[in-house]
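> need a structure here:
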Amino acid sequence: MYIEEFIRLDGATKIINLMRISDTSILSSCLRCLSYLFVYLNGVEYLKQRPHLFIKMLEILNHSSPEIKKQILGILIGLCKCMQGAF
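Below is the predicted model of the structure:
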């Protein structure tokens, strides 16, 4: 129930917008939250309807931390597996 409410209140967008912060620990926490969110199909559907959020997540790949890059790639690969027709 909590995840449904979080999605309804546009929480994923708020987390992705928070990822502009360069602090690695905050960024890592945000990515962990997103990975939990996208386990739910409603989270995946939410993201599918907002392609600009993909672009914001792809921008994180420029981060200097290999751990951050690993986390974001894990999320993007997981999303591609869930989305029909995704590459």
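> pLDDT-wise, which helix or strand of this structure ranks last?
Lowest by mean pLDDT, DSSP states H and E among the helices and strands of the chain is helix 41-48, with a mean of 84.
> Using CSV, list the CA coordinates for that one.
C-alpha atoms of helix 41-48 as CSV (Å, rounded to 0.1, in the frame of the first residue of the first chain):
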residue,chain,number,x,y,z
LEU,A,41,4.7,-3.0,-12.0
ASN,A,42,3.0,0.3,-11.1
GLY,A,43,6.4,1.8,-10.6
VAL,A,44,7.5,0.6,-14.1
GLU,A,45,4.2,1.9,-15.6
TYR,A,46,4.8,5.2,-13.9
LEU,A,47,8.2,5.5,-15.5
LYS,A,48,7.0,4.4,-18.9
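> roughly how far out does it sit from the chain middle?
10 Å (C-alpha atoms, centre = their mean, to the nearest Å).
> Mind listing what's buried along that helix?
43, 44, 46, 47 (16 or more other C-beta atoms under 10 Å). Where you see a C-beta, it was placed from the backbone N, CA and C, and this is true even at glycine.
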